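Novice: this one's sequence-less:
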């Protein structure tokens with residue numbers, strides 16, 4: 001077997017898509033006589049600043065001879081990669097063997113590539129040590145992702161599927177023609193086996209991208225047959241080609257355990273703590289709060305594009321024990337989901353006069369409270385039950401704001417009740 005990894009062939013401004021390049025590489029391999037075993041789409045660290053939106057690297061597994069596979073893949077990258085963009089820096093890695101036979105060092109590299117920033121020099125040294133065939137264009141930073149894609153099959157256990165339909169290339173840059181009603185109906189019928197196809201509350205077709213690349217739509221789910229059947233039910237412009245990928249999307253593989261006071265920029269964490277202050281809505285509609293634990297604090301934010309998720313964050317109260325998940329940048333955790341573990345259920349308030357029902361007033365320092373009209377007294381504040389409109393459990397951003405790699409609550413496997421968005 002042979003593993004063909006590639007990355008960083010696309011451009012935010014000029015379009016193209018690394019999944020499309022990989023699909024063309026797979027077609028060229030098949031035309032050269034190779035059988036295709038698997039196409040793997042690997043989302044890498046979502047916090048690196050040079051990424052395009054999804055930060056995807058690709059691996060094609062085939063029985064074609066490694067040298068022949070390298071030449072075929074290099075020719076397709078040269079023909080298709082958006083190298084006119086100075087931010088685009090393609091890389092190609094070809095390794096003999098199957099995904100299961102990848103060395104421990106490469107599997108470990110793949111896990112780190114999802115959770116850290118890795119210097120391209122480190123990838124190049126490992127490639128030299130392993131004697132893997134590789135090539136870089138315009139700096140070749142993409143060799144980091146290409147090597148990670150080669151190692152991902154051994155590195156991760158949780159996999160989902162995405163079926164991607166591609167436009168005719170001459171249509172790229174024009175509005176996509178996709179029948180809205182057919183997408184909504186297909187998404188409804190396949191849910192929850194296919195997820196994040198639409199955002200029903202926001203009325204958004206999440207599966208249809210806005211970027212100027214060749215993807216027409218992408219359907220994600222837990223079963224390859226389901227995602228293909230959803231795609232078949234969608235009506236719209238002609239589909240030029242399509243492919244089903246095994247992927248780490250929707251798995252939370254980017255999250256690492258962290259602690260308040262011990263996080264670093266450019267990484268994503270799962271952190272436990274206590275809400276330190278009342279959530280505050282600031283300029284732009286972003287909602288901020290602070291988490292504390294063992295004397296340390298961690299600022300957290302739910303950005304405006306997370307829409308209704310911000311209402312869940314606003315419903316938190318000081319003293320609530322929570323778990324928060326998200327990427328850290330400039331010392332602030334950007335909320336993707338949170339779990340309310342131990343909510344505050346009472347608050348201490350000024351007592352009410354039992355005779356007239358009015359709030360009492362302070363009788364002076366350390367002298368309790370007194371009703372000015374009735375003369376009744378109380379020794380201090382009293383406990384009052386809170387009407388909490390937020391039940392314990394997990395809450396998430398809506399599908400329109402979800403990172404590719406973030407795990408939707410509907411997939412299950414969480415350690416508390418879930419409140420999925422759809």
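Specialist: Nice, thanks for sending it over. Since the model is a prediction, treat every value here as computed from it, not as a measurement.
Novice: when you work out contacts or count neighbours from here on, use the C-alpha atoms and nothing else.
Specialist: OK.
Novice: any idea which element residue 273 lies in?
Specialist: In this assignment (DSSP states H and E), residue 273 forms part of strand 267-275.
Novice: quick check: end-to-end length of stretch 408-417?
Specialist: Using CA to CA, to the nearest Å, the span of stretch 408-417 from its first residue to its last is 13 Å.
Novice: equivalent analysis for stretch 375-392, please.
Specialist: For stretch 375-392, the separation between the terminal residues is 42 Å (CA to CA).
Novice: picking up where we left off before, against which helices or strands is the strand holding residue 273 packed?
Specialist: Applying 3 or more CA pairs under 8 Å, 6 or more residues apart in numbering; DSSP states H and E, one finds that strand 267-275 contacts strand 255-259, strand 287-293, strand 321-329.
Novice: got any ranges where the protein has weak pLDDT?
Specialist: Applying pLDDT under 70 to the chain flags residues 12-15, 49-54, 83, 86.
Novice: let me see the domain layout of it.
Specialist: 2-155, 160-247, 255-345+387-411, 346-385 (automatic domain parsing).
Novice: mind putting the ones you listed in CSV, distance to residue 420 and mean neighbour count included?
Specialist: Conversion of the domains of the chain to CSV gives the following (distance: least, CA to CA, whole Å; neighbours: other CA atoms under 10 Å):
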stretch, distance to residue 420, mean neighbour count
domain 2-155, 22, 21
domain 160-247, 10, 19
domain 255-345+387-411, 5, 19
domain 346-385, 27, 15
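Novice: now those in JSON lines, with distance to residue 422?
Specialist: Rendered in JSON lines, the data for these read as follows (distance: least, CA to CA, whole Å):
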{"stretch": "domain 2-155", "distance to residue 422": "20"}
{"stretch": "domain 160-247", "distance to residue 422": "6"}
{"stretch": "domain 255-345+387-411", "distance to residue 422": "6"}
{"stretch": "domain 346-385", "distance to residue 422": "32"}
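Novice: so what does residue 164 look like in phi/psi?
Specialist: Residue 164 has phi and psi values of phi -110, psi 130 when expressed as degrees, to the nearest 10.
Novice: touching, it and residue 239? I think so.
Specialist: No: in this structure, residue 164 is not within contact of residue 239 by CA atoms under 8 Å, at 9.9 Å.
Novice: which neighbours do those two share?
Specialist: Residues touching both residue 164 and residue 239 (CA atoms under 8 Å, 6 or more residues apart in numbering): residue 216.
Novice: so for residue 417, which of the helices and strands packed on strand 267-275 sits nearest?
Specialist: The closest approach between residue 417 and any of those, judged by CA to CA, belongs to strand 321-329 at 13.1 Å.
Novice: and the angle for the closest one with strand 267-275?
Specialist: 140 degrees (axes from the mean of the first three to the mean of the last three CA atoms, to 10 degrees).
Novice: residue 123 in helix, strand or coil?
Specialist: Under DSSP: H, G, I helix; E, B strand; the rest coil, residue 123 falls in the helix class.
Novice: brain fart, residue 78
Specialist: Counting by three-state DSSP, the three-state call for residue 78 is helix.
Novice: same question for residue 28.
Specialist: Three states are possible here, and by three-state DSSP the one that applies to residue 28 is helix.
Novice: what are the pairing partners of the lengthiest strand in the chain, and which direction each?
Specialist: Ranked by number of residues, the top strand in the chain under DSSP state E is strand 332-342. Strand pairing for strand 332-342, using DSSP bridges, gives strand 296-302 (parallel), strand 321-329 (antiparallel), strand 393-396 (antiparallel).
Novice: and for the last one, what's in contact with it?
Specialist: Contacts to strand 393-396, defined as CA under 8 Å, 6+ apart, come from residues 309, 312, 336-341, 408-409, 414, 416-421.
Novice: returning to that earlier point: nearest to residue 207 among the helices and strands packed on strand 267-275 would be which one?
Specialist: For the helices and strands packed on strand 267-275, the distance to residue 207 is smallest for strand 321-329, at 22.4 Å, taking CA to CA.
Novice: quick one: that closest one to strand 255-259, angle?
Specialist: Using the same axes, to 10 degrees, strand 321-329 lies at 110 degrees relative to strand 255-259.
Novice: out of the helices and strands packed on strand 267-275, the one nearest residue 198 is which?
Specialist: Closest approach to residue 198 among the helices and strands packed on strand 267-275 is made by strand 321-329 (22.2 Å; CA to CA).
Novice: need the contact partners of that closest one.
Specialist: Where contact means CA under 8 Å, 6+ apart, the residues beyond strand 321-329 that reach it are 46-47, 255, 263-275, 333-343.
Novice: stretch 260-268 too?
Specialist: For stretch 260-268, contacts defined as CA under 8 Å, 6+ apart pick out 45, 47-48, 115-117, 254-256, 269, 271-273, 291-293, 296-298, 325-331.
Novice: any idea how far it is from the chain center?
Specialist: The chain centroid and the centroid of stretch 260-268 are separated by 17 Å, computed with CA atoms, centre = their mean, to the nearest Å.
Novice: distance between the ends of that stretch?
Specialist: Start to finish, the residues bounding stretch 260-268 are 13 Å apart (CA to CA).
Novice: helices or strands up against the strand or helix carrying residue 126?
Specialist: Residue 126 is part of helix 120-130, with elements assigned from DSSP H and E. Packed against helix 120-130 by the contact rule (3+ CA pairs under 8 Å, 6+ apart) you find helix 143-155.
Novice: tell me the angle the helix it packs on makes with helix 120-130.
Specialist: For helix 143-155 against helix 120-130, the angle between stretch directions is 60 degrees (the same axes, to 10 degrees).
Novice: need the three-state assignment for residue 163.
Specialist: Judged by three-state DSSP, the three-state class of residue 163 is strand.
Novice: and it, how far from residue 413?
Specialist: Separation of residue 163 from residue 413 (CA to CA) stands at 23 Å.
Novice: residue 224 too?
Specialist: Noted for residue 224: a distance of 20 Å to residue 413, by CA to CA.
Novice: where do the helices of the stretch 301-422 of the chain begin and end?
Specialist: Counting by DSSP state H, counting those that start in this stretch, one finds helices in the stretch 301-422 of the chain at the ranges 309-314.
Novice: tell me where it has strands.
Specialist: For the stretch 301-422 of the chain, the strands defined by DSSP state E, counting those that start in this stretch occupy 321-329, 332-342, 346-349, 361-362, 369-370, 377-378, 382-385, 393-396.
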